[in-house]
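>>> with the sequence up front, the predicted model follows.
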Amino acid sequence: MKEFAKIMHLLSDPARLRILMVLTKKELCVCQLMGILGIPQPLVSRNLMLLDGAGFLGERKQGKLVFYSINRGMDPLRKKIVSLLKEALKSDTILAEDLRSLQDCETFQKKTGRCDMKTLLDFMKTSKKVR
């Protein structure tokens, strides 16, 4: 029961839920998550560290970038929780906006041909999200 309560406490934060749900769709780096969610780098990094420490995430390094994704080797409890969250949040307006922003971000990066902090800061400026 303690483990379950710990996980529920971790997932009670809206930023962590948003990060987790977006990562169920696509592997992303910190700067991409900043651009998509419109939250500052320290907050993204801290929440990634907490989700990773709790066994929800995997990571892959590519040069200087670290890409985060859902941990494919999660235990059954975490898999079930992620599945329940996806079902419960499938019509959530905030998540829907995050997923539209993910598409916009991908389009913006394809046009620029880059994935770096400057590109994502430019995206954040043009996406007109409240920051």
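Received, thanks. What you see is a predicted model, and the numbers here were worked out from it, not measured in a lab. Residues are numbered from 1 along each chain as shown.
>>> only C-alpha atoms from now on, for both contacts and neighbour counts.
Fine.
>>> low-confidence ranges, this structure, go.
Applying pLDDT under 70 to the chain picks out residues 113-131.
>>> give me that answer again for 90
1, 3-4, 31, 35, 62-65, 104-131 (pLDDT under 90).
>>> show me what the helix or strand harbouring Val66 is in contact with.
Here Val66, judged by DSSP states H and E, is contained in strand 65-70. Strand 65-70 is contacted from outside by 20, 23-24, 26-30, 56-61, using C-alpha atoms under 8 Å, 6 or more residues apart in numbering.
>>> let's see it at 6 Å
23-24, 27-29, 57-60 (C-alpha atoms under 6 Å, 6 or more residues apart in numbering).
>>> for those residues, which one is nearest Lys86?
Closest approach between the contacts of strand 65-70 and Lys86, by C-alpha to C-alpha: Thr24, at 8.4 Å.
>>> for that closest one, grab the count of nearby residues.
15 (other C-alpha atoms under 10 Å).
>>> quick one: it and Lys111, what's the gap?
24 Å (C-alpha to C-alpha, to the nearest Å).
>>> which helix or strand contains Leu51?
Using DSSP H and E, Leu51 sits within helix 41-53.
>>> after the strand holding Val66 comes which helix or strand?
helix 76-88.
>>> which of the three states applies to the residue minimising distance to the centre of the chain?
Centroid-nearest residue in the chain: Ile19, 2.7 Å away (criterion: C-alpha atoms, centre = their mean). Secondary structure, DSSP: H, G, I helix; E, B strand; the rest coil: Ile19 is helix.
>>> just confirm Ser101 is within a helix.
Yes - under three-state DSSP, Ser101 sits within a helix.
>>> mind listing what it touches?
Ile36.
>>> hmm, back to that, buried ones among the contacts of strand 65-70?
23, 27-29, 57-58 (16 or more other C-alpha atoms under 10 Å).
>>> inside helices: which ones of the residues you listed?
Of those, the ones assigned to helices by DSSP state H are Leu23.
>>> and Gln62, bridged to which residues?
Taking DSSP bridges, one obtains Leu65 as the residues bridged to Gln62.
>>> count of neighbours near it?
Residues lying near Gln62 (other C-alpha under 10 Å) number 9.
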